[in-house]
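1. build me a structure from this.
(one chain, ligands or ions: 1)
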Amino acid sequence: MRLFQDPHAPNPRRVRIFMAEKQLGARGVSVDLVEVSINDQANRAPEHLERHPLGLLPVLELDDGRTLRESMAICRWIDETYPDPPLFGADAWERAQVEQWNRHAELELLFPIAQIFRNTHPFWEGRIKQAPAFGEIMRELVAERLAWLDHELGHHEFLAGDHYTVADITAVCALDFGKVSKLRLDPDVHRNLDRWYQQVKARPSYKA
Ligand SMILES: N[C@@H](CCC(=O)N[C@@H](CS)C(=O)NCC(=O)O)C(=O)O
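-> Predicted coordinates for the structure are as follows:
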C-alpha cells in the first residue's frame, strides 16, 4: 500500500505512528511513504486533488487501487485488518473510552493547536485568510486544556486508561505540532502530562 503524506504534518504522522505500533513491516506488509509537500503546494496539484478533492493529507492507497481519506478512518481500517495490538480498545467499554479520549485529543488539542498555526504563523500568510485574534483565543484555550489534561493524567497512565491507544497518538502529535507555534509543556507545571509525554516519546513508534 501507499501512504500519501507530508513528513511535517500532524495528521499523516498519526497514521505513521499507528502503522509503526502495528509493526506492519514485520508482518510482511509493505507501506510506501509518498511525500506530497504542503510547503510546495503539491497537495493542491490536480494529481493529488484526484485522490482527495479537498487537497488534504493523508490518503491511503491499497494495492488494489482503492483509496481512503481521513486519518482516523485509515487507522480504523488498519486496526480491523491487523487487530493486534488493539489500539481502539479491546471490548465495548474500552472502545467507548478510547473514542471519548480520542475525540478529546482531537477537539480539545489538535484542532485548536492547528488553528493557532493557521491563524498566526507566517507560513500561511498569503495562502489562506488568517484571523490572528482567533489564533490567540485558541492559544488561551489550549493553555486551559493542558492544565485540565495534566490533572486527568494524575489518575491514569495513558489517556484512555492503563493502555497506550490511538488517543495517545493523537495527543502527542497535537502537542509536538504545537512547537511550531511556540507551544511547550512546562515540566514543572505540567508534571503528569510531562510524565506521560516522556513515556510516549520513549516508544520506538514516536520516531515514525
Ligand atoms: N481530519 C483530517 C484532517 C486532514 C488535514 O487537515 N490534513 C492537513 C495536514 S495535517 C493538510 O493536509 N493540510 C493541507 C492544507 O490545509 O492545505 C484527517 O484526520 O485526515
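
2. break the protein down into its domains, please.
-> Split into domains by automatic domain parsing, the chain comes to 2-81, 92-207.

3. would you mind saying which of the ones you listed lies nearest the ligand?
-> Go through the domains of the chain one by one with C-beta to the nearest ligand atom and the one that ends up closest to the ligand is domain 2-81, at 3.5 Å. All C-beta atoms are positioned from the backbone trio N, CA, C, and that covers glycine.

4. pLDDT at the residue of the chain positioned farthest from its centre, what is it?
-> In the chain, the residue that sits farthest from the middle, by C-alpha atoms, centre = their mean, is residue 64; the gap is 26.2 Å. Listed pLDDT for residue 64 reads 96.

5. which SSE is residue 49 in?
-> helix 46-51 (DSSP states H and E).

6. whichever helix or strand comes after that helix close to the ligand?
-> For helix 46-51, the following helix or strand on the C-terminal side (DSSP H and E) is strand 59-61. No. With C-beta under 6 Å from any ligand atom as the criterion, the ligand is not reached by strand 59-61; the gap is at least 8.6 Å.

7. tell me which residues in the helix or strand following strand 59-61 are buried?
-> Toward the C-terminal end, the helix or strand that comes next after strand 59-61 (DSSP H and E) is strand 67-69. Applying a neighbour-count criterion of 16 or more other C-beta atoms under 10 Å, one finds 68-69 buried in strand 67-69.

8. who are the packing partners of strand 67-69?
-> Judged by 3 or more C-beta pairs under 8 Å, 6 or more residues apart in numbering; DSSP states H and E, the packing partners of strand 67-69 are strand 59-61.
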